[in-house]
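Novice: give me coordinates for this.
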Amino acid sequence: MRYTDNNLTAQEANEILRLMGQRIKAQRLSKNLSQLALSKQMNIQKASLSRIESGKMNIKVYSLHRLAMALHTHESALLAKLDHADAHSYESLVLLQAQYRRYGDTLTGLQKEIQELFASIAATKDFRQRASLHIILSETFAKRTALLQKLKSVTDAMHLHERP
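Specialist: The predicted structure follows:
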């Protein structure tokens with residue numbers, strides 16, 4: 001049922017809040033911020049930010065301005081209307097980019113671990129200890145290989161999102 005005087009229906013208002021929440025979440029993830037970090041920066045409860053991002057909480061214009069400032073963007077970037085497919089695609093791309101960064105960080109850690117294992121093997125004289133280090137090295141290489149496959153999958157998915 002539509003309200004009179006060109007007011008929005010409850011469903012339309014909820015959809016606007018949901019889309020705005022998606023935009024806020026996407027902006028936060030693109031800046032590699034956790035909900036906790038952003039909520040502390042804004043001096044609000046993490047639960048409140050979660051409700052805003054899920055479209056369950058309406059916010060005042062001043063709060064929208066503070067969010068935009070904290071995210072180093074303009075208010076209009078958080079309010080721009082997207083159709084459902086665009087919003088889903090945009091959010092998916094931002095989530096893929098965040099996943100790519102996490103995998104990249106993990107890969108860097110594994111590379112360092114591999115270098116340290118090689119150094120330890122070279123410095124160790126005891127045969128049993130070297131054998132044990134070789135097993136750990138083999139397991140670390142397996143983790144690295146699996147992670148590289150995940151990175152390739154994420155990269156391929158990101159390329160699909162970037163196509164017109």
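Novice: going forward, measure contacts between C-alpha atoms and count neighbours the same way
Specialist: Will do.
Novice: list the contacts for the one residue sitting closest to the centre of the chain?
Specialist: With distances taken as C-alpha atoms, centre = their mean, Ala98 lies nearest the centre of the chain, 3.7 Å away. Counting by C-alpha atoms under 8 Å, 6 or more residues apart in numbering, Ala98 touches Leu29, Ser30, Asn32.
Novice: pLDDT at Leu96, what is it?
Specialist: Note on Leu96: pLDDT of 76.
Novice: low-confidence ranges, this structure, go.
Specialist: Low-confidence segments of the chain, defined by pLDDT under 70: 1-8, 80-91, 160-164.
Novice: list the buried residues for the lengthiest helix in the chain?
Specialist: In the chain, with assignment by DSSP state H, the single longest helix is helix 84-123. Neighbour counts over helix 84-123 (16 or more other C-alpha atoms under 10 Å) mark 87, 90-100, 103, 107, 110, 113-114, 117, 121 as buried.
Novice: now stretch 150-159
Specialist: Judged by neighbour count (16+ other C-alpha under 10 Å), stretch 150-159 contains these buried residues: Leu151, Val154, Thr155, Met158.
Novice: same question for stretch 41-52.
Specialist: For stretch 41-52, by 16+ other C-alpha under 10 Å, it's Met42, Lys46, Leu49, Ser50, Ile52.
Novice: quick one: the strands in the chain?
Specialist: Taking DSSP state E, the chain contains no strands at all.
Novice: helices along this protein, start to end?
Specialist: Using DSSP H, helices in the chain cover 10-30, 35-42, 46-53, 61-70, 75-79, 84-123, 127-162.
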